[in-house]
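In: Quick one: sequence plus predicted model below, questions after.
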Number of protein chains: 2
Amino acid sequence: MIIIRNHYSRQNASKTKALKEKGEMKTSYKPRVVIIGAGFAGVETAKKLGKYGVNALLIDRHNYHTFVPMLYQVATAVLYPHHVIYPLRRLFRGLPTVNCLQAEVKEVDFHNQIVCSGNLVIDYDYLVIATGSQSQYLGVMGTPENTLPMRTLPDAIALRNQILSRFEQAAKVTNEQEKTRLLTFVIVGGGATGVELAGSLNELICSAFKKDYPNLNPEQTRVILVQSGERLFPSYAQKLGEYTEKWLRHRGIKIYLNSKVSKVTPEAVYLEDGMAIFTDTVIWTAGVLAAIPKSKQSVKTAKKDKIIVEQTLQLCGHKNVYGVGDVSYVDTQQEAFNGVAQEAIQQGKTAADNILRQIRGESPKAFNYYDKGRLAIIGKHAGVGKIGKFAIKGFIPWFLWLEVHLVYLPGINNRLGVLFNWLKYYFFGEGVSRIIISTVNSE
Amino acid sequence: MIIIRNHYSRQNASKTKALKEKGEMKTSYKPRVVIIGAGFAGVETAKKLGKYGVNALLIDRHNYHTFVPMLYQVATAVLYPHHVIYPLRRLFRGLPTVNCLQAEVKEVDFHNQIVCSGNLVIDYDYLVIATGSQSQYLGVMGTPENTLPMRTLPDAIALRNQILSRFEQAAKVTNEQEKTRLLTFVIVGGGATGVELAGSLNELICSAFKKDYPNLNPEQTRVILVQSGERLFPSYAQKLGEYTEKWLRHRGIKIYLNSKVSKVTPEAVYLEDGMAIFTDTVIWTAGVLAAIPKSKQSVKTAKKDKIIVEQTLQLCGHKNVYGVGDVSYVDTQQEAFNGVAQEAIQQGKTAADNILRQIRGESPKAFNYYDKGRLAIIGKHAGVGKIGKFAIKGFIPWFLWLEVHLVYLPGINNRLGVLFNWLKYYFFGEGVSRIIISTVNSE
């Protein structure tokens, strides 16, 4: 067992705490903050702490930050994988007090203030839990083994491989039923991820595949969106959901509303009304569950397994532990949060602010969310959004989405690359190299 | 079992053959050529046949062509994977008589003129075998399971993941011996691939890693090149091998000449003189073997398992079957070929020419190799090469290598992307995003 200690020993730390209480805080001691998860919330916390010279250790299972809102464009071969990620070590190169560690956290011990990862034991003065969310399968039979998720970069690459290789297989199959099954793509979930993916996948089929597979009949290709609720985009205004539905249907996407999936097999998806859709590709975007790390002491959770935190984002009973982003539920909040990037970013900043206040001996402040609005793309020249109280649709939210995401994407190289690819895609209908990077599928 | 027949039935084909023999060849019938392997030789054959409107089917296990000479730059994070490949369907979009199929060929039957792949049976009038080569492990104990190859794009990506994750692991290990073992990279084979990889890996360590891992000691990192012969680059002039050796040693690369590997374990490489090098990464570039597809009728092979072909590149006894590129050995050739891209490209062209001649009822011509010279890069501003009888070294072959490979790389997007990345790498020492795309390693 290896113990990674702070530069300053634990004794030193408690001495400092004592000094702090007496109001004799030494500036030479900088407590260590451990942050678990390098999503929007975790990265933002680390950035702010790094700017103030606080020792921070950012732990993630990947060595990169993923820009999740653009992941679906990797799955549909509009962008390259490297466009939507940023290596953590490069991101924090200018902030020498921030360290990165690629590791999977096995257990957290709030009492002894340690984080365990394999045979590593890391001690902390402050802990920020920013572990995000995971897919929720709602106990549907045959999930997750027969469905594909769309949450991480490896997921998006696997999905691209799956889509492209179904076309390659369809090109060499002569049985028409099997061909139709291979060319049927079912997306479960009518939220932002599901709708954006459906729209983008349909465009991929209409533009690039027609050129690549002139011998395949485009009529045989189907994109099917299955939504359990009565409309798409349940978190937006009703008219936006209706607009989206009309827009997608007009472009040939089949939409099943009020339809719950009862079973998924390797051959088909079964709906609760008994209908079977024969397909080789089921993409699961329905519902999320908080991804809480295992802890020695139990934590209070709200719906969707989220950790209940106080309005200061501190865990109840653990003043030096914060919960931010998708993993946490802010107690007594009036409006439920939607799990969008802005919420995570703002919570990350607040957690860093509050840790800085605690270090200075001040008391933490309550989190206050400033809603900048939301946007989603459904296809070329078509988007939906709400800004303040206004629900907008059509060209303006589409264009705004592209602008906003280009601005928030980290790294000038990534921005230029994405801009170049979007222009190429817009004018020529050509995304990126449609390559299948995997071992060959057995026939 | 599914049989993919030519547009024209077999009867039609034999009728045409009869007509051809009588000198009444109908231009309306175009025989089908099946090409196995989309390397340099296979692609070149398909291109030429496509230009003359001959029906050709190009079969490969991947859906893309790989520009192998630049693969090592993917492994060392100088280039992105998509820079060195080109999707086959896009490559042949302008040639409607060329079709592509992503499949693994299981067996060839020269007598019945069929190629089997799973439950697909594909018939041919002419067959071109362009299946290239595979790694040769020379029966060394512990290979291939404890070594990494560098022959395909998935290999290069796996190698990049391996190198980057050894650094991530070393960053969290406190045992100095284990840290040194993780940071030791052994390359077996002192040919072009081994030397180029060693030089590039050393540059990666000196530039980017120093920035990414300020806490690691660069002295602990070692690149070791093991060569069985008495000098590097055995296929070049002796002074070029000596120059390369001096250049690499000067930059801190350890070189063991006259050293054969006797055993590889998960912990170390053992040389025949009893020395053990403790390492977690052994890259195997020593020797190749032809990758002949299984065939119902036996074929005559030369050294390295290569199929013996006549000077016209036709298989002995099978006038409608050609062997091109690394997989074949041209009988009675004066000089042994070196397995470079130029040989494959020129053989591919000759095979296409000869098939066109056979279709017109003419007799095939002998292959004549025009040696344009060879080049290899060993590091910044340093290369070696031979052009005609001249052996050159230093800046000129380095610069020529970059130019030549940029010109031969397929696709304007790829060329621009590679040029941009090379310039960035040259001026800033920054390659591409150093991301590890794989599941997290257990501690």
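Out: Cool, got the structure.

In: Identify each buried residue in stretch A:157-174, please.
Out: Going by neighbour count (16 or more other Cβ atoms under 10 Å in any protein chain shown), the buried part of stretch A:157-174 is A:157-173. Every C-beta, even on glycine, is put in place using the N, C-alpha and C of the backbone.

In: Helices - which of the residues you listed land there?
Out: Among the buried residues of stretch A:157-174, the residues falling in helices (DSSP state H) are A:157-170.

In: Contact distance from chain B - what residues of the stretch 1-150 of chain A qualify?
Out: A:2, A:4, A:61-64, A:80-82, A:85-87, A:89-90, A:93, A:96, A:99, A:101-104, A:117-120 (Cβ under 8 Å from any Cβ of the partner chain).

In: what subset of the buried residues of stretch A:157-174 is also close to chain B?
Out: Among the buried residues of stretch A:157-174, chain B is touched by A:157, A:164-165, A:168, A:171-173 when using Cβ under 8 Å from any Cβ.

In: any idea which of those is the one closest to chain B?
Out: Chain B has its nearest neighbour among those in residue A:168, at 4.3 Å by Cβ to the nearest Cβ.

In: before we move on, back to that, what subset of the residues of the stretch 1-150 of chain A next to chain B is buried?
Out: Neighbour-count burial (16+ other Cβ under 10 Å) applied to the residues of the stretch 1-150 of chain A next to chain B gives A:4, A:61-64, A:80-82, A:85-87, A:89-90, A:99, A:101-103, A:117, A:120.

In: Of those, which belong to strands?
Out: Under the assignment DSSP state E, these contribute A:4, A:64, A:85-87, A:99, A:101-102, A:117, A:120 to strands.

In: List the contacts of residue A:82.
Out: A:414, A:417, B:80, B:432-433, B:435 (Cβ atoms under 8 Å, 6 or more residues apart in numbering or on different chains).

In: Next one: the residue nearest to residue A:80 when sequence neighbours are not counted from residue A:285, what distance?
Out: Using Cβ to Cβ, 6 or more residues apart in numbering or on different chains and skipping residues adjacent in sequence, the residue nearest residue A:80 is residue A:432, 5.1 Å away. For residue A:432, the distance to residue A:285 (Cβ to Cβ, to the nearest Å) stands at 22 Å.

In: Give me the neighbour count for residue A:205.
Out: The burial count assigned to residue A:205 is 22, neighbours taken as other Cβ atoms under 10 Å in any protein chain shown.

In: Now for the nearest residue to it once chain neighbours are set aside, how many residues are close by?
Out: Distances taken as Cβ to Cβ, 6+ apart put residue A:221 closest to residue A:205, at 5.2 Å, once the chain neighbours are dropped. By other Cβ under 10 Å, the residues close to residue A:221 number 24.

In: these two touch, right, residue A:221 and residue A:210?
Out: No - between residue A:221 and residue A:210 there is no contact under Cβ atoms under 8 Å: 9.6 Å.

In: Take the helix or strand containing residue A:414, keep the C-alpha atoms, and write them as PDB.
Out: Using DSSP states H and E, residue A:414 falls within helix A:412-428. Provided in PDB are the C-alpha atoms of helix A:412-428 (Å, rounded to 0.1, in the frame of the first residue of the first chain):
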ATOM      1  CA  ILE A 412      -7.500  27.100 -30.000                       C
ATOM      2  CA  ASN A 413      -6.400  24.000 -32.100                       C
ATOM      3  CA  ASN A 414      -9.700  22.300 -31.200                       C
ATOM      4  CA  ARG A 415     -11.700  25.400 -32.100                       C
ATOM      5  CA  LEU A 416     -10.000  25.800 -35.500                       C
ATOM      6  CA  GLY A 417     -10.300  22.100 -36.200                       C
ATOM      7  CA  VAL A 418     -14.000  22.000 -35.300                       C
ATOM      8  CA  LEU A 419     -14.700  25.200 -37.300                       C
ATOM      9  CA  PHE A 420     -13.000  23.800 -40.400                       C
ATOM     10  CA  ASN A 421     -14.900  20.500 -40.100                       C
ATOM     11  CA  TRP A 422     -18.200  22.200 -39.600                       C
ATOM     12  CA  LEU A 423     -17.700  24.400 -42.700                       C
ATOM     13  CA  LYS A 424     -16.600  21.300 -44.700                       C
ATOM     14  CA  TYR A 425     -19.700  19.500 -43.500                       C
ATOM     15  CA  TYR A 426     -22.000  22.400 -44.100                       C
ATOM     16  CA  PHE A 427     -20.900  23.100 -47.700                       C
ATOM     17  CA  PHE A 428     -19.900  19.700 -48.900                       C
END
